[in-house]
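*Asks:* Okay, sequence plus prediction incoming.
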Amino acid sequence: MLRLTAPLALAVVLAGPALAQTAAEKNAVVNAELPADQAALKSHIMFLASDAMQGREAGSHEFDIAAQYVASQFYAAGLKPAGDDGAYLQKVPLVSYKLDGQGSMAIARKGATVSLVYGEDYIPGANPAKPSYTLTAPVVFVGYGIVGLGRDDYRGAEVKGKVVAFFGGAPKSFPSEEGAHFSSPAAKGEIAMKRGAVGYIVLESPIPTRRPFAAMAALASRPRFTWGEADGTGHIATPSTPGLGNLSLAGAAKLFEGAKTPWATIRKQAEVDGATFKPVALPGTLTFTVKTALTPVTSYNVVGLLPGSDPTLSKEVVVLSGHLDHIGVGRPDKNGDTINNGALDDAVGIASLIEEAKRFKAAGTKPRRSILFLAVTAEEKGLLGSDYYAHHLTVPKGSIVADVNLDMPIITYKFEDIVVYGAEHSTLGPIAAKAAAEIGVKMSDDPLPGENIFVRSDHYNFVKQGVPSVFLWPGAGGPGRAAIDDFMKNHYHQPSDQIDQQPAIDWESGVRFVDVNYRIARAIADGDQRPLWNKGDFFGLQFDGPGAK
């Protein structure tokens, strides 16, 4: 799962000391005898989360071995290869990119040029789509840069051929998931692109944020990842409207010099969360230059298809997804361990995917709709494997009717409820509620509402294609709250997320988690009606999904 926000990330470093175990004691835990269904689930994790896999970082040799393992399990489960050229693997050309130098930003007005200072006034945005990039254009300030939920920050503005500048984030009055969507610079970039803007700049807010300008400046030169286009450049969602970078409060003051509405006025307004602004055409022109260094990295999605049995409905496809990658090798923990094994994040999800495929095979009767089993790469680098798949489908375009995603189920306790992210947005909600009732649990509310998890895992790339999607977690009822908090504090993205972690993984709960996901997938695949967005749903309307209008 993607890195969580600062408060939880900080909590990770507060882990308490683990009880010392001898090698024999550890082996006794790992190799303890279990019922067949629990042993089958555990066996996949014994391999995928072993030290030999070195944390399964996308692009590593060890990840490639893990991908081959999943392909072999898909074959054993009777799935048809649905990757490239009759194989289970789909090649994903990743691109690692970073700033090559500091770039430059300068403002020309009335015959004078003001150069901004790197790291103090501006942080340039690397552009993997154009490794050597220069742009000169006027700038228009457009508030938060949001159009939607009753807000239009572009009202009255003409931005065609211009750069737009806006504050980051979204008003706290927005519903959390919708707010998370609009907080994304890429989402704001798409709004700008539709209006003909040629670039965008994110302004530092006077309201303290989780990512202050100084912290971003310290990390500006670190490599980032995207997936590669056919010409070897990196994909960006808004190629005609790239992000040019970030301006500090001091940099914004220089940008606004001579504006009809002074920066001091804008800054004062922005101290109120959700403030509305009139667009401001800023005097002069901005010239921006940046160079970006690209490094190609190859990885793979693993794709298997169970063809449906119905002559008509088999043309529709239900996707079951999970991410195979984790974060690789890092700094030593207190025990000197450097390998981030990723047992729960997300070897359990992939193991569940495999065991669901085996359940469909054992059922004897094929589902009416086809089911695509998708183990993606590079989730930890920004949901890249699923985004690549969504843009390079191995099934006919328009055939996918739902996605059920499995990412980091915390199964260290006997769960009494399940959280179904996305349930309230589509007709998948009642299906999930029925499946939960069938195994004797109820659906419950998000235990981490501030984390906006609905928009932060692989299913969201299907949502952006208009596909109703859900993502399940064991819930916070009974012992769940303490177990979730313990995992996030003591194991999340740490070497201790391994098969012998304490509290111990509850393999019976793992089998129950497989069961409820299987029931949901089976119900979707066998239903008379394809899943639909709820009428008027924000995400359904935003991405032109069926049923929303």
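*Replies:* It's in. Numbers count the residues shown, from 1 in each chain.
*Asks:* tell me, which helix in the chain spans the most residues?
*Replies:* When the chain is parsed with DSSP state H, its longest helix is helix 507-526.
*Asks:* Mind giving me the packing neighbours of it?
*Replies:* helix 36-48, strand 317-323, helix 348-363, strand 370-376, strand 400-406, helix 428-438, strand 469-474 (3 or more Cβ pairs under 8 Å, 6 or more residues apart in numbering; DSSP states H and E). (C-beta placed from N, C-alpha, C; glycine too.)
*Asks:* Any buried residues in the lengthiest strand in the chain, and which?
*Replies:* Longest strand in the chain, counting residues (DSSP state E): strand 280-306. In terms of neighbour count (16 or more other Cβ atoms under 10 Å), strand 280-306 has its buried residues at 280, 282-292, 294, 297, 299-306.
*Asks:* same deal with stretch 322-334?
*Replies:* For stretch 322-334, a neighbour-count test (16+ other Cβ under 10 Å) marks G322, H323, L324, D325, H326, I327, G328, V329 as buried.
*Asks:* quick one: contacts for the closest residue to the fourth one other than its chain neighbours?
*Replies:* Leaving aside its chain neighbours, D325 sits nearest to A58 (4.3 Å; criterion: Cβ to Cβ, 6 or more residues apart in numbering). Contacts here follow Cβ atoms under 8 Å, 6 or more residues apart in numbering; on that basis A58 touches L94, F225, V297, S299, D325, T377, A378, E380, K381, L384, G385.
*Asks:* let's see 6 Å
*Replies:* S299, D325, T377, A378, K381 (Cβ atoms under 6 Å, 6 or more residues apart in numbering).
*Asks:* which stretch of helix or strand covers the fourth one?
*Replies:* Here A378 is covered by no helix or strand, with elements defined by DSSP states H and E.
*Asks:* close enough to count as contact, it and Y388?
*Replies:* No - with contact defined as Cβ atoms under 6 Å, A378 does not reach Y388; the gap is 8.0 Å.
*Asks:* of these two, who's got more company?
*Replies:* Counted by other Cβ atoms under 10 Å, A378 and Y388 do not tie: A378 has more neighbours, with 29 against 24.
*Asks:* Can you give me the distance of the more buried one to G385?
*Replies:* Note on A378: its distance to G385, by Cβ to Cβ, to the nearest Å, is 5 Å.
*Asks:* Can you tell me the closest non-neighbouring residue to P503?
*Replies:* T412 (4.5 Å).
*Asks:* Count the residues that sit near that neighbour.
*Replies:* The number of residues packed near T412 is 24, by other Cβ under 10 Å.
*Asks:* i'd like the first residue to be 52 from this point on
*Replies:* Got it, first residue is 52 now, which makes that one T463.
*Asks:* and it, what element?
*Replies:* Assessed by DSSP H and E, T463 sits outside every helix and strand.
*Asks:* so how far is L140 from it?
*Replies:* Taken as Cβ to Cβ, the span from T463 to L140 is 32 Å.
*Asks:* on that earlier part again, most widely separated two among the contacts of A109?
*Replies:* S350 and K432 (9.3 Å; Cβ to Cβ).
*Asks:* how near is the residue lying farthest from the centre of the chain to T338?
*Replies:* Computed with Cα atoms, centre = their mean, the residue of the chain farthest from its C-alpha average is G162, at 45.5 Å. The gap separating G162 from T338 is 14 Å, by Cβ to Cβ.
*Asks:* Model confidence for the residue lying closest to A122 once chain neighbours are set aside, exactly?
*Replies:* What sits nearest to A122 in space, not counting adjacent residues and going by Cβ to Cβ, 6+ apart, is Y139, at 3.7 Å. On pLDDT, Y139 comes in at 98.
*Asks:* Which residues are in contact with Y139?
*Replies:* Contacts for Y139 (Cβ under 6 Å, 6+ apart) come out as A122, F125, P132, V353, G355.
*Asks:* Farthest pair within the residues you listed?
*Replies:* Greatest spatial distance in these: P132 and V353, 9.6 Å, computed using Cβ to Cβ.
*Asks:* residues touching A394, list them.
*Replies:* Contacts for A394 (Cβ under 6 Å, 6+ apart) come out as I96, A100, D548, Q549, I550.
*Asks:* and it, how far is that from S560?
*Replies:* For A394, the distance to S560 equals 14 Å [Cβ to Cβ].
*Asks:* For V353, list the residues it contacts.
*Replies:* A118, V121, A122, Y139, A426.
*Asks:* For the third one, give its distance to E308.
*Replies:* Read that as A122. 59 Å.
*Asks:* These two - which one has more neighbours?
*Replies:* Shown here are A122 and E308; by other Cβ under 10 Å, A122 has more neighbours (21 against 15).
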